[in-house]
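1. Below is the sequence, then the predicted model.
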Amino acid sequence: MSNKKTLLSIITVVIVIAGLFIWNKQRQAQSHELVIGTTPAFTSILNVAVNEAKKQGVHVKLVEFSDWKMPNIALDHGDIDANFFQHQPFLNNAIKEGNYQLKIFGVGAASRVGLYSKKYQHLDDLPLQARVAIPNDPVNEGRALLLLQEAKLITLKDPNNPFSTLQDIRQNPKNLQFIEMEGPQTARAVDDVDLAFSYPQYLKLAKTIAPDQALLLNKNADKIYAIVFAVKNNYDDKNDQLKKFVEIYQNSPEVKAALDREIGASLWYAGW
């Protein structure tokens, strides 16, 4: 009888421990704080979504990176749950170059890009050998060259190739001198060069020139260049918290108002 009581006690303890373990795991899952990596240009708008999400029981922590490489490295290493700073072509190129195991979870807003100058009021005023700042990553460099071609400042071997490089320039009648740099730095370069390709978010942050004062804006904020939420390939697509946060970003009137305020209503559109 004593052995039976001992066995029953052991079974009871095991059941209680198992129940506590399951309860603790559920509690941890419910209280899990989503960690999303981003860059300074997107922090203020994301914070609006973070505040709205908190009201609905979704807790999000933003981790800010100063460049465009670390958010994908951190995500691939599992240091963050998701990131939000890049468009699909940039992510595709990063996956190819870094062999990252990443994918798109959701889509944010897309913004127009432009050519900016504080020295000249018209593109025709650019002098010979004008210095032009462009991004140094393959995707955004190609995007900049396409816009320079649209401005009739250069012509490319393939006028429709989004991955054109400086070596693909067929004609450069003004003999423009290209200065390649990290994409976010083009906004600050407006003060130093004759012309810069840049983005409304980073210009707003740098306070060098108003985003709507471009000498030329691309005609449309192409959906392909919408900023995306990226996650690891093995991330659970049914994760309720991240799914809820993305929905809040996409549908919240407060986020839309922040986009209008931070970027300008005419400079962005909903890519989702």
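-> Looks like it came in fine. Note that this is a predicted model, so its numbers are computed, not measured.
2. A74 is in contact with K232, correct?
-> No. K232 is not in contact with A74 according to C-beta atoms under 8 Å; the separation is 11.0 Å. All C-beta spots, glycine's among them, are computed from the backbone N, C-alpha and C.
3. which residues are common contacts for these two?
-> With C-beta atoms under 8 Å, 6 or more residues apart in numbering applied, the contact sets of K232 and A74 do not overlap.
4. mind listing what's buried in stretch 105-123?
-> 105-117, 123 (16 or more other C-beta atoms under 10 Å).
5. likewise stretch 162-169?
-> 164, 168-169.
6. now those in TSV, with pLDDT and distance to D158?
-> Output for the buried residues of stretch 162-169, formatted as TSV (pLDDT from 0 to 100; distance: C-beta to C-beta, whole Å):
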residue	pLDDT	distance to D158
S164	96	7
D168	98	7
I169	98	11
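7. In stretch 190-206, which residues are buried?
-> Those would be 190, 193-206, for stretch 190-206 by 16+ other C-beta under 10 Å.
8. Need the distance between the two termini of that stretch.
-> 10 Å (C-alpha to C-alpha, to the nearest Å).
9. what does stretch 182-198 give?
-> 11 Å.
10. What's the mean pLDDT across it?
-> Taken as a whole, stretch 182-198 has a mean pLDDT of 97.
11. chain center to it, what's the gap?
-> Put simply, stretch 182-198 sits 19 Å off its chain's centre (C-alpha atoms, centre = their mean, to the nearest Å).
12. same check, this time on stretch 87-95
-> Centroid separation for stretch 87-95 versus its chain: 10 Å, with C-alpha atoms, centre = their mean.
13. export it as PDB, just CAs?
-> Taking C-alpha atoms only, stretch 87-95 is exported to PDB below (Å, rounded to 0.1, in the frame of the first residue of the first chain):
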ATOM      1  CA  HIS A  87      12.200  47.000 -50.000                       C
ATOM      2  CA  GLN A  88      11.900  43.700 -51.700                       C
ATOM      3  CA  PRO A  89      14.700  44.100 -54.300                       C
ATOM      4  CA  PHE A  90      17.100  45.100 -51.500                       C
ATOM      5  CA  LEU A  91      16.100  42.100 -49.500                       C
ATOM      6  CA  ASN A  92      16.500  39.800 -52.500                       C
ATOM      7  CA  ASN A  93      20.000  41.100 -53.100                       C
ATOM      8  CA  ALA A  94      20.900  40.800 -49.400                       C
ATOM      9  CA  ILE A  95      19.700  37.100 -49.400                       C
END
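14. if we can go back for a sec, of all the buried residues of stretch 105-123, which comes closest to F245?
-> Among the buried residues of stretch 105-123, G106 lies closest to F245 (C-beta to C-beta), at 8.7 Å.
15. What is the neighbour count of the residue lying closest to K174 once chain neighbours are set aside?
-> Beyond its immediate neighbours in the sequence, the residue positioned closest to K174 (C-beta to C-beta, 6 or more residues apart in numbering) is L128, lying 5.4 Å away. The tally of other residues near L128 (other C-beta atoms under 10 Å) stands at 9.
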